[in-house]
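S.K.: Got a predicted model here, sequence first, then my questions.
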Amino acid sequence: MGVIRRQSLKHSAVNVVGLGVGAISIFFVYPHALEPYGLAQVLLSIGMVGLPILSLGANTVAIRFFPRFQDKSSGHHGFLTLLLCLCAIGCALFSIGAWIFWEPFSTALEHKSPLLREYLWLGFPLAFCYITSCVLAVYSSNFKRIVVPSLLLDFSQKLALPLLLIAVWQEWLSLEVAMFGLVLHAALVLTGLIFYLRQIGEWYWRPDWAFITPELRKEMIQFIGFGAFGGFALLVAAKSDVFMVGSMSAVKSAGVYAIAAYLATVIEVPIKSLYAASASSVAKYLADDNRPELEKLYKSVSINLLAAGLLLFGSIWISIDSLFALLPNGAELLAGKWVFLFIGLSRLVEMGTGLNNYMVYYSQYYRYSLVSLGVLAVGNILLSIWLIPILGISGAAVATLLSITGYNAVSLWLVWLKFRLFPFTAQTAKAIGLAMAAYLVAGLIPVSGYAMIDLILRSGFFALIFGVLVLRFRVSEDLNGLEQMIWGKLGK
């Protein structure tokens, strides 16, 4: 866990700063521009949800097959060229399909969401730049380079979007110009990632088609089918909520939903860091059939993520009313309270089950989860269609929670069935029990009526109690080791 820990800490630092910028945006920008913010989030969600299809699974191929192609002296046998070709082919096929079905879909949006209908076409260049950038970022992770790609892909957007929306809010720019600015930013991110790969000496353009034997080609085509359609199904189950809200109700409702869901992304900071740093190790251990190291990584990532997730989720939920009271237009945004609860619980489920999805993706058993992914994706859409009219924006969050829980349950079963590995230990129950105890104790602090004071006292007290208990009862050896490292550096 040495390299993974260092990369995770650096990546987490970037994400924490990004969350700080996002928090400022939530408090001072987005509530004043709910409709433009909702529109931007719906357009961006097209690329996020369509990533596996538009890239033809290149985002997972980049990790799964890199150990087979890895050879710096030969430019990794043109592996990067192969990935980019997959992106180009996938985007071309998607454009043809969109052109065929454009008229009936845009007509359906005319009454429910006319603003989205007007700007929907901008989702295509945004999606192309986003998916290509994501594939380049995943490719960089093979070389344990995740910090700079994160700065370019994630952090820069957290700066660009609020700046554009401030310009719209203050009427310095029209909405149309701001949306074009969003596309320009995506293109600049893609350009930056290309230059970064050139700088670290990993930009190899020359293809080596002769290296791809008929057996390897057959294996890759089968995996690409899974990576494209299976990954798409997973993202539909996890990320289609904003698009569903925006297309089934006013774009403004998507803005409220996106703000509440953004609060839940605080919980995702450890997920992004540990997953990005661990994915290549999972692929390597599977390729080498190194079960002991795989089990060690599986269990350690699970407990580390669960402990971090419980800390962050509990700290926010115990003061959720105070947090919304501090937001401009807080009464209008309060409907997002339950969105945060259900989205936050889905993140805890994902964190607690650890690397099970990666272990299925990058193993020879990846086909087994394709059917479950398809069922869950369809189920999520049907649940959203059913629940949004009944529960409003909370219905989309409930649908996401049910989909994520069901999919991770299937993945847990597959990993146990094929590898006889299980992420949970006695420490898992201990972490949950300590979180509940800390929540009950912190909940005894009376509400003063001053939102900022209540937020600091109740959330801070929960975080302090839970953090001390986790270290005192040695829930995670990695966290205790991190504590010793920090104290050691402070001592010096």
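M.R.: All right, it came through fine. Numbering: from 1, shown residues only.
S.K.: wait, what's in contact with the spatially closest residue to residue 36 that is not a sequence neighbour?
M.R.: Excluding its sequence neighbours, the residue lying closest to residue 36 (C-beta to C-beta, 6 or more residues apart in numbering) is residue 168, at 5.0 Å. In this view, the C-beta of every residue, glycine as well, is placed from N, C-alpha and C. Listed by C-beta atoms under 8 Å, 6 or more residues apart in numbering, the contact partners of residue 168 are 33, 36, 174-175, 178.
S.K.: Repeat the analysis, applying 7 Å as the threshold.
M.R.: Contact partners of residue 168, counting by C-beta atoms under 7 Å, 6 or more residues apart in numbering, are 33, 36, 175, 178.
S.K.: cool, residue 424 as well?
M.R.: For residue 424, the contacting residues are residue 302, by C-beta under 7 Å, 6+ apart.
S.K.: does it sit in a helix, a strand or a coil?
M.R.: coil (DSSP: H, G, I helix; E, B strand; the rest coil).
S.K.: separation between it and residue 407?
M.R.: Note on residue 424: its distance to residue 407, by C-beta to C-beta, to the nearest Å, is 17 Å.
S.K.: which SS state does residue 363 fall under?
M.R.: coil.
S.K.: Neighbours of it, how many?
M.R.: 20 (other C-beta atoms under 10 Å).
S.K.: Might one say that it is in contact with residue 286?
M.R.: Yes - Residue 363 lies in contact with residue 286 (C-beta atoms under 7 Å); the separation is 5.2 Å.
S.K.: Tell me if I'm right that residue 397 and residue 346 touch.
M.R.: No - using C-beta under 7 Å, residue 397 is not in contact with residue 346, being 8.0 Å away.
S.K.: More neighbours: the two, which one.
M.R.: Using other C-beta under 10 Å as the criterion, residue 397 and residue 346 rank with residue 397 on top: 30 against 25.
S.K.: who's in contact with the more buried one?
M.R.: By C-beta under 7 Å, 6+ apart, the neighbours of residue 397 are 241, 338-339, 342-343.
S.K.: mind checking the longest helix of this protein?
M.R.: Longest helix in the chain by number of residues (criterion: DSSP state H): helix 79-112.
S.K.: now that helix, how far from the centre of its chain.
M.R.: With C-alpha atoms, centre = their mean, to the nearest Å as the basis, helix 79-112 stands 22 Å off its chain's centre.
S.K.: Now do the buried residues in that helix.
M.R.: Buried positions in helix 79-112, judged by neighbour count with 16 or more other C-beta atoms under 10 Å: 79-84, 86-88, 90-91, 94, 98, 109.
S.K.: want to throw those residues into TSV with distance to residue 121 and pLDDT?
M.R.: Below are the buried residues of helix 79-112 laid out as TSV (distance: C-beta to C-beta, whole Å; pLDDT from 0 to 100):
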residue	distance to residue 121	pLDDT
79	33	86
80	30	87
81	29	87
82	29	87
83	26	88
84	24	88
86	24	87
87	20	86
88	20	88
90	18	84
91	14	84
94	13	80
98	9	75
109	12	62
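S.K.: Which member of the residues you listed is positioned nearest residue 310?
M.R.: residue 83 (36.6 Å; C-beta to C-beta).
S.K.: Return the residues in contact with the closest residue to the closest one other than its chain neighbours.
M.R.: Distances taken as C-beta to C-beta, 6+ apart put residue 58 closest to residue 83, at 4.5 Å, once the chain neighbours are dropped. Contact analysis of residue 58 by C-beta under 7 Å, 6+ apart lists 83, 86-87, 135.
S.K.: Looking at the residues you listed, which is nearest residue 299?
M.R.: residue 135 (30.0 Å).
S.K.: What about that closest one, how many residues nearby?
M.R.: Residue 135 - counted by other C-beta under 10 Å - has 25 other residues nearby.
S.K.: do the same with residue 144
M.R.: Neighbours around residue 144, by other C-beta under 10 Å: 15.
S.K.: distance of it from residue 420?
M.R.: Residue 144 is 29 Å from residue 420, where distance means C-beta to C-beta.
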